[in-house]
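Engineer: no letters, just coordinates:
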Ligand code: PMP
């Protein structure tokens, strides 16, 4: 059937800014070495797949999610060593939590501020909820520009400041003293987004307890459950209680919930995978450091940012060789000719290096 174009009447109904947006692009990766989205390359071991399958099969899919979601909240709080006086809320991926935060703060004139280049959802969620987005450029070596950040905060008074720790796509951690200055200068919320925490050399969790306006966000995606969609956010009890009011009821399906609980019961399997990926990252970084025509930045995540002479050409040539990475060079001028590669298994990383070498 040929699909009909939107009628003028429907065009008038739908927000014009939404109509002029591009949908979030997901690259097709069928049959390719998939190193574009910071996924964990290792599947659940076969014996665990079987046990999980039985557990999922026994769930009451005819019922709405129930108290089991609270069990998951407690298990995650325990896993993350959430400080006393804090509470935790869950999202369908941290993407949903980012959208809910914008919704909770969507007062006319409100804004969201984040360093750029950074994770695209901060700007997209702001736009969708009618908040303005202020992107403060990083320095040329991808550090926070302390002066520019503090000036923008003083001038714009943002409702929400995002600091991805480590950052995507630059894969670095920020200077903790600069973060503290930002938190003290912030008139509103500061969200430390620790999506890549399983691979990072440090976390901000021990410092959040001093503050009343800091939220710490994490996800099980990079841990090894990107397909499950489970993000969580911790913050002072009274603050989480307010933000949680805009969460759709039952946003965590019984399937998501059970998979996440199961994964936490077997956390040592995922911890071993993260350890192996960190070793792989170190191996990949030293190989890249010796490759002519490539500049690779230090990474505290499961991705590495590279600069080549011609990113579009290299990206296409790698794709033709069956290796899919992300060309981020159009995201921001600081990323000119940059590619972002995910750290994969030993075999995938060897394929990545071979394809990159042939594609420069
Ligand atoms: N935060 C950052 C910094 C990310 O890079 C990503 C995803 N790439 C997310 C959050 C979203 O993660 P999730 O899969 O939990 O929605």
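Structural biologist: Okay, I see it. On a predicted model such as this, the values are computed, not experimentally measured, just so you know.
Engineer: what's in contact with the helix or strand hosting residue 276?
Structural biologist: Element membership for residue 276 (DSSP states H and E) is helix 267-289. With contacts defined as Cβ atoms under 8 Å, 6 or more residues apart in numbering, helix 267-289 is touched by 40-42, 44-45, 48, 79, 198-199, 223-224, 263, 294, 296, 298-299, 302, 304, 306, 341, 343-346, 349, 352-353. (C-beta placed from N, C-alpha, C; glycine too.)
Engineer: what's the PyMOL line that selects buried ones from those residues?
Structural biologist: For the buried members of the contacts of helix 267-289, the matching PyMOL selection, counting by 16 or more other Cβ atoms under 10 Å, is:
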select buried, resi 40+41+42+44+198+199+223+224+263+294+296+299+302+304+306+341+343+344+345+349+352+353
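Engineer: returning to that earlier point: for the helix or strand that the helix holding residue 276 is followed by, packing partners?
Structural biologist: Reading on from helix 267-289 to the C-terminus, the next helix or strand found by DSSP H and E is strand 295-296. Counting contacts by 3 or more Cβ pairs under 8 Å, 6 or more residues apart in numbering; DSSP states H and E, strand 295-296 packs against helix 267-289, strand 303-307.
Engineer: out of those, which comes closest to the ligand?
Structural biologist: Proximity to the ligand (Cβ to the nearest ligand atom) singles out strand 303-307 among the helices and strands packed on strand 295-296, at 8.6 Å.
Engineer: how near is residue 295 to residue 174?
Structural biologist: Residue 295 sits 21 Å away from residue 174, going by Cβ to Cβ, to the nearest Å.
Engineer: neighbour count for these two, which is higher?
Structural biologist: Using other Cβ atoms under 10 Å as the criterion, residue 295 and residue 174 rank with residue 174 on top: 22 against 13.
Engineer: returning to that earlier point: what's the mean pLDDT across the helix holding residue 276?
Structural biologist: Helix 267-289 carries an average pLDDT of 97.
Engineer: what's the burial count for residue 85?
Structural biologist: 11.
Engineer: nope, residue 162 is what I meant
Structural biologist: Look at residue 162: counted by other Cβ under 10 Å, it has 27 neighbours.
Engineer: ok, now which ones touch residue 18?
Structural biologist: residue 128.
Engineer: do you know how far it is from the ligand?
Structural biologist: 20 Å (Cβ to the nearest ligand atom, to the nearest Å).
Engineer: let me see the confidence value for that residue.
Structural biologist: 91.
Engineer: what does residue 58 give?
Structural biologist: pLDDT, residue 58: 97.
Engineer: ok, it - contacts?
Structural biologist: For residue 58, the contact set (Cβ under 8 Å, 6+ apart) is empty.
Engineer: against residue 51, how distant is it?
Structural biologist: In terms of Cβ to Cβ, residue 58 sits 11 Å off from residue 51.
Engineer: list the contacts of the residue positioned nearest the centre of the chain.
Structural biologist: In the chain, the C-alpha nearest the mean C-alpha coordinate belongs to residue 195, at 4.9 Å (Cα atoms, centre = their mean). Neighbouring residues of residue 195 by Cβ under 8 Å, 6+ apart: 94, 119, 164, 168, 217, 218, 219, 221, 222.
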